[in-house]
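J.: Sequence first, then the predicted structure, then my questions.
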Amino acid sequence: MSSVVEVKNLVTSFKTQEGTFNAVDNVSFKVDAGKTLGIVGESGCGKSVTSLSIMGLIPMPPGKIESGEILFKGQNLLKLSQNEMRKIRGNKIGMIFQEPMTSLNPVFTIGNQIEEAIKLHQKELSSKQVREKAIDMLKLVGIPSPEKRIDDYPHQLSGGMRQRVMIAIALSCSPDLLIADEPTTALDVTIQAQILDLIKKLQRELNTAMILITHDLGVVAETCDDVAVMYAGKIVEYGTADQIFNRPLHPYTKGLLNSVPHFETGKRKTRLETIPGIVPSLANLPQGCRFFDRCTQSIEQCKVRQPELEKLEHNVACYNPVKQK
Amino acid sequence: MSTPFIEVKNLSKHFPIKGGFFSRQIASVKAVSDVSLKIQKGETLGLVGESGCGKSTLGRCIIRLIDVSAGQILLEGKDITQTKGEELRALRRKMQIIFQDPYSSLNPRMTVGKIIEEPLIIHKIGNSANDRRNRVKELIETVGLRKESIDRYPHEFSGGQRQRIGIARSLAVEPELIVCDEPVSALDVSIQAQVINLLMDLQQKLGLTYLFIAHDLKVVEHISNRVAVMYLGKVVELADADELYKNPRHPYTQALLSAIPVPKVGGHKMKRIILQGDVPSPVNPPSGCYFNPRCPIMSDECKTTDPILKNLGSNHEARCLKV
């Protein structure tokens, strides 16, 4: 089976007053139909820039895609004109953003906003059909009495409901690829459970490929087939969810997993394991491995040369990976 | 049992909604209703719940940042509900707060030194400017920052470091109780762990009492001795942390616990209970048990009778007709 999207050696840079930095540096991954790839990492590690690069939404300037390929069903998105890209964006590739409060336009009804996406990409439908389709979409994402709700404004809906509307817009043109950038971060746990459940169910029904971007390892473990861990612009580890969570090879991945408090009764009041220090600024990256000064098991080589993603049990960029028991 | 450090009795806080002609009060937001709880000296009480359940309001009422509508707050047995003026200010030395957002809770125009010094000036601690500066340096080191940070501005620090500055500021007056209002929710995971460790170390070293407010149940479980779960302004379950997580009795607590995504692939997992609908508005709460419109085990009785907090033995209380 060929992949829906394949990113090869993507480099995206931003020009700032202090110089040009690669926010995404030589990143490669692929996602198959019906599968979910999770991209995890801390703030500023380049996960959102990766998704915006695929969508062609990097503001240029100051941003620039320096090199690499983004193959969407075999077609290189980076070679397309703005016009051609517009036909794909929102149509073949849908996106859900983090903030359901700010990503809807407050002066239009939610019906207007869903219809806009349908009208743009499915010009053969009449206005009546478009409205019917919008109501169907609202029904699909579980909004009660959609015939009435379609004329509501965003402020009349709760956060969870707004996120459902965003999902309805993203899925209205049955995309082949759905990019969800922190779709549940702004929501409460019980609402998060509802939304994740909904996304998974719809993905199964529509056989959509999905890229889920999040910093919540729990969400990744529950929803993703494959996982890419990013650190300071690079993918440091890439494998199946089972490999990443049960047999992590990179010290950063292991550190991340250990720093989350687990439900382990009886073991209360012990200190959490931490990763010392903070993420290096992109303006000031070390010469060798970017994780070097926070790493507990670095060796001489790490200081000098940057490790590249290598296939061990699964892909990892580390000279001294975690030993498996 | 000895007198609890803080005892809250039937506390309620209603915010008026004004509108109409002459801005009369037309309704009220029942942010906290009829909450009773105790915090012993040196322990950590965790307070969890979803947004809008009144957990921050409760925290702010307890340290008298806002006035209560009804009920009593006792500090070491003394009623502080109506304390005013100079007396209230003296009280503030005992109770401090750490805020959620390390970006907006520090004045960007003041240096770190000035920020931490301010409470010392207000409470007239330290004899000279030099004295105070030494104390500030000491505090900066206590929270794990470098002494040189004293003359830098907040924007020069990362989120985790700013949160440390906020902690240093609250420690300046040597308080006994600190209300931690979502202290780690704006931080990245690896930084979260550092701040949680710091809070636990400080508690051990200085014998602090914490009221730890958070929506992240995993963090609360880790740091708390006892945990109170709030829903729509009411405490629905209160128990020792171990007991609550092992043996949740209220259907809301059960759903909340099961909804947490666990960073584990394979192995045994809790069966997920997915609640329908949203949290109702605290302006117009449902009749009977507040949780009944979303409750999976609701019966007719729940629509009419508002349950009380029932004692289930071994320090475990739940507010449900079915337990």
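T.: Ah, there it is.
J.: Can you say which helix or strand has the residue of the stretch 201-323 of chain B found nearest chain A in it?
T.: Using Cβ to the nearest Cβ, the single residue of the stretch 201-323 of chain B nearest to chain A is B:Pro261, 3.0 Å away. Yep, even glycine has a C-beta here, placed from its N, CA and C like the rest. Using DSSP states H and E, B:Pro261 sits within no helix or strand.
J.: so the residue most central in space within chain A bridges to which residues?
T.: When Cα atoms, centre = their mean is applied to chain A, the residue found nearest the centroid is A:Ile213 (2.4 Å). Note on A:Ile213: beta-bridge partners by DSSP bridges are A:Ile39, A:Asp181.
J.: burial measure for the residue lying closest to the residue of the stretch 201-323 of chain B closest to chain A once chain neighbours are set aside, as a count.
T.: Distance criterion Cβ to Cβ, 6 or more residues apart in numbering or on different chains; nearest residue to B:Pro261, sequence neighbours excluded, is A:Gly218 at 3.0 Å. Residues lying near A:Gly218 (other Cβ atoms under 10 Å in any protein chain shown) number 17.
J.: wait, what's in contact with A:Gly218?
T.: Residues in contact with A:Gly218, defined by Cβ atoms under 8 Å, 6 or more residues apart in numbering or on different chains, are A:Val260, B:Ile260, B:Pro261, B:Val262, B:Pro263.
J.: can we see that at 10 Å?
T.: For A:Gly218, the contacting residues are A:Val189, A:Gln192, A:Val260, B:Lys218, B:Ile260, B:Pro261, B:Val262, B:Pro263, B:Lys264, by Cβ atoms under 10 Å, 6 or more residues apart in numbering or on different chains.
J.: Surely it is within a strand?
T.: No - going by DSSP: H, G, I helix; E, B strand; the rest coil, the assignment for A:Gly218 is helix, not a strand.
J.: Go through stretch B:288-299 and flag the buried ones.
T.: B:Gly288, B:Cys289, B:Tyr290, B:Phe291, B:Asn292, B:Pro293, B:Arg294, B:Cys295, B:Met298 (16 or more other Cβ atoms under 10 Å in any protein chain shown).
J.: Inside helices: which ones of those?
T.: The helices, defined by DSSP state H, take in nothing from the buried residues of stretch B:288-299.
J.: if we take the residues you listed, which one ends up nearest to B:Ile122?
T.: B:Ile122 has its nearest neighbour among the buried residues of stretch B:288-299 in B:Tyr290, at 40.1 Å by Cβ to Cβ.
J.: What about the residue nearest to that closest one when sequence neighbours are not counted, how many residues nearby?
T.: Closest residue in space to B:Tyr290, ignoring its immediate chain neighbours: B:Leu232 at 4.4 Å, by Cβ to Cβ, 6+ apart. By the measure other Cβ under 10 Å, the count of residues near B:Leu232 is 24.
J.: So what sits opposite B:Ala70 in the bridge?
T.: Going by DSSP bridges, B:Ala70 is paired in beta bridges with B:Ser12.
J.: show me the contacts for it.
T.: Per Cβ under 10 Å, 6+ apart, neighbours of B:Ala70: B:Lys9, B:Asn10, B:Leu11, B:Ser12, B:Lys13, B:His14, B:Val32, B:Ser33, B:Asp34, B:Thr81.
J.: gap between it and B:Ser12?
T.: 4 Å (Cβ to Cβ, to the nearest Å).
J.: anything in contact with each of the two?
T.: What both B:Ala70 and B:Ser12 touch, as defined by Cβ under 10 Å, 6+ apart, is the set B:Val32, B:Ser33, B:Asp34.
J.: got the contact list for A:Glu308?
T.: A:Asn26, A:Lys234, A:Asn315, A:Ala317.
J.: what about it, which SS state?
T.: Applying three-state DSSP: A:Glu308 is coil.
J.: is the closest residue to B:Gly166 other than its chain neighbours in a bridge, and if so with what?
T.: Closest residue to B:Gly166 in three dimensions, ignoring its sequence neighbours and counting by Cβ to Cβ, 6+ apart: B:Ile98, at 5.3 Å. Here B:Ile98 sits in beta bridges with B:Cys180, as judged by DSSP bridges.
J.: What about A:Tyr153, how many residues nearby?
T.: A:Tyr153: 16 neighbours (other Cβ under 10 Å).
J.: quick one on the thing from earlier: okay, the buried residues of stretch B:288-299 in CSV with pLDDT next?
T.: Shown next, in CSV, are these (pLDDT from 0 to 100):
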residue, pLDDT
B:Gly288, 89
B:Cys289, 90
B:Tyr290, 90
B:Phe291, 91
B:Asn292, 90
B:Pro293, 89
B:Arg294, 89
B:Cys295, 90
B:Met298, 87
